[in-house]
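>>> Fold the following and give me the result.
(4 chains)
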Number of protein chains: 2
Amino acid sequence: MPLPQTEAPGYLTSQLAARGVRLTRQRRTILAVIETAKRHLDASQILRKARAVHADVDRVTVYRTLALLKRHGLIDELDLMHMEGEKHFYERRTQREHIHMTCIGCGQVIEFESRLFDKLKKQIATECQFHIKVARMELGGYCAKCRA
Amino acid sequence: MPLPQTEAPGYLTSQLAARGVRLTRQRRTILAVIETAKRHLDASQILRKARAVHADVDRVTVYRTLALLKRHGLIDELDLMHMEGEKHFYERRTQREHIHMTCIGCGQVIEFESRLFDKLKKQIATECQFHIKVARMELGGYCAKCRA
DNA sequence: TTGAAATTGAAATTCATTTTCAATTCGATG
DNA sequence: CATCGAATTGAAAATGAATTTCAATTTCAA
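The predicted structure is shown next:
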């Protein structure tokens, strides 16, 4: 009879391990939540989902783990045009940065990748001599379904 | 002997007047501060500057006036990558949207206009059928002086 | 002039996030 | 295996920005 298994390490977990970061049970739980999220989650949603797995995860630990991941460049923090309060949303950092569109009508978030976006960042880097660490492009407006 | 003059109405003031918005002394004061700002100001900076003119302007009125201007699309709200807390910064909405770069080293904010940026927004509007109301592109990184 | 609607300020409240600090856990070393 | 110091944790308190509440005041149109 197999013992309850620790979650198989995903990308975030192995990245942190590789950097010599201590992997506590709480951190593993939070990382798993972020790994498997299908939408952009805010801190309290991450807390709720983490607690469903291990009830003893604290809100502070969620915030601290998010800060850790940000520091290591493994997640991106989004504002999504502050559609509902000032909270932040999080997503795994992907190979290619993308644009987030939030619909004022239905609240859905659409993601979009564009060569033009990459090109624009290159232009800025060159023309402004600016060494980009994070690029965030967020739009507010109406999606196809909600437009008047 | 001329009476102390009410500030000459600027763009924001006349825009609001044209829309039938009541122009109180407090609002005029706050608008004048935003009109004449040389940098991006946050709410408490706007309050401080407004109070230097009329001591009886309240913090709440600043927030309410900012919300009013946002609602009328006359100002833009910026996060500037949350370099110092979660406060927002404000600027008059200009004819042409531009990009904001915040230097992680010295904190300076650089503005940049780009045809590529305009083109990218058009691409999004067309390809995603998304009717853009606000576009915000903010970058964090190192300016020419601060880069390693 | 009058009365309804808009605006205001002051205090209290909300909400997300951060700090503090004592207790616990981890993991390298003896 | 024991131990010691550093890292991590949780619970409570604190912070900081922004918002709500509500009574008093101002404004404007009739």
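
>>> Is any residue of the longest strand along chain A near DNA strand D?
The strand that spans the most residues within chain A, counting by DSSP state E, is strand A:131-142. No - residues of strand A:131-142 are not located near DNA strand D by CB under 7 Å from any atom of the strand, the shortest gap being 15.0 Å. Placement of C-beta: from N, CA and C, glycine included.

>>> quick one: the strands in chain A?
A:41-42, A:75-78, A:89-92, A:99-103, A:109-112, A:131-142.

>>> Can you point out the buried residues in the lowest-mean-pLDDT helix or strand in chain A?
In chain A, no helix or strand scores lower on mean pLDDT, DSSP states H and E than helix A:11-18, which sits at a mean of 90. With burial defined by 16 or more other CB atoms under 10 Å in any protein chain shown, the residues of helix A:11-18 counted as buried are A:12-13, A:15-16.

>>> So what touches stretch A:41-60?
With contact meaning CB atoms under 8 Å, 6 or more residues apart in numbering or on different chains, stretch A:41-60 is reached by A:25-26, A:29-30, A:32-34, A:37, A:62-63, A:66, A:87-90.

>>> Of those residues, just say which sits nearest to residue B:124.
residue A:89 (19.5 Å; CB to CB).

>>> That closest one reaches residue A:77, doesn't it?
Yes - counting by CB atoms under 8 Å, residue A:77 is a contact partner of residue A:89 at 7.4 Å.

>>> More neighbours: which of these two?
residue A:89 (21 against 17; other CB atoms under 10 Å in any protein chain shown).

>>> give the contact list for the more buried one.
A:40-42, A:77-80.

>>> returning to what we had before: list only buried entries from the contacts of stretch A:41-60.
A:26, A:29-30, A:32-34, A:37, A:62, A:66, A:88-90.

>>> In those, find the pair that's most separated.
Using CB to CB for every pair in those, the one that comes out farthest apart is A:26 and A:89, at 21.0 Å.

>>> mind listing what's buried in stretch A:71-87?
A:74-81.

>>> pLDDT weak spots in chain A?
Regions of chain A meeting the criterion pLDDT under 70 cover residues A:1-9, A:148.

>>> Tell me how far the spatially most central residue of it lies from chain B.
Centroid-nearest residue in chain A: residue A:91, 1.6 Å away (criterion: CA atoms, centre = their mean). Per CB to the nearest CB, to the nearest Å, residue A:91 is found 16 Å from chain B.

>>> How far off centre is stretch A:22-41?
A distance of 11 Å separates the centroid of the chain from that of stretch A:22-41, by CA atoms, centre = their mean, to the nearest Å.

>>> Stretch A:90-100 now?
7 Å.

>>> Give me the residues contacting that stretch.
Looking at stretch A:90-100 with CB under 8 Å, 6+ apart, the contacting residues turn out to be A:11-12, A:34-35, A:37, A:40-43, A:46, A:66, A:69, A:73-78, A:80, A:109-114, A:117-118, A:121, A:135, A:137-139, B:124.

>>> How about it and DNA strand C, any contact?
No - Stretch A:90-100 is not in contact with DNA strand C by CB under 7 Å from any atom of the strand; minimum separation 9.1 Å.

>>> Sort out which residues of that stretch are buried, please.
A:90-91, A:93, A:97, A:99-100.

>>> tell me which parts of chain A are close to DNA strand D?
Selection of chain A residues close to DNA strand D by CB under 7 Å from any atom of the strand yields A:21-22, A:24, A:26-27, A:56-58, A:60-61, A:64-65, A:86.

>>> Of those - the most surrounded one?
residue A:65 (26 neighbours).

>>> residue ranges of the helices in chain A, please?
A:11-18, A:25-36, A:43-53, A:59-71, A:115-128 (DSSP state H).

>>> So is the fourth one next to DNA strand C?
In this case it means helix A:59-71. Yes - judged by CB under 7 Å from any atom of the strand, helix A:59-71 comes into contact with DNA strand C at A:59-60, A:63-64, A:67.

>>> and that helix, how far out from the chain's middle?
Using CA atoms, centre = their mean, the offset of helix A:59-71 from its chain centre is 12 Å.

>>> Direction-wise, compare it with helix A:43-53 and give the angle.
110 degrees (axes from the mean of the first three to the mean of the last three CA atoms, to 10 degrees).
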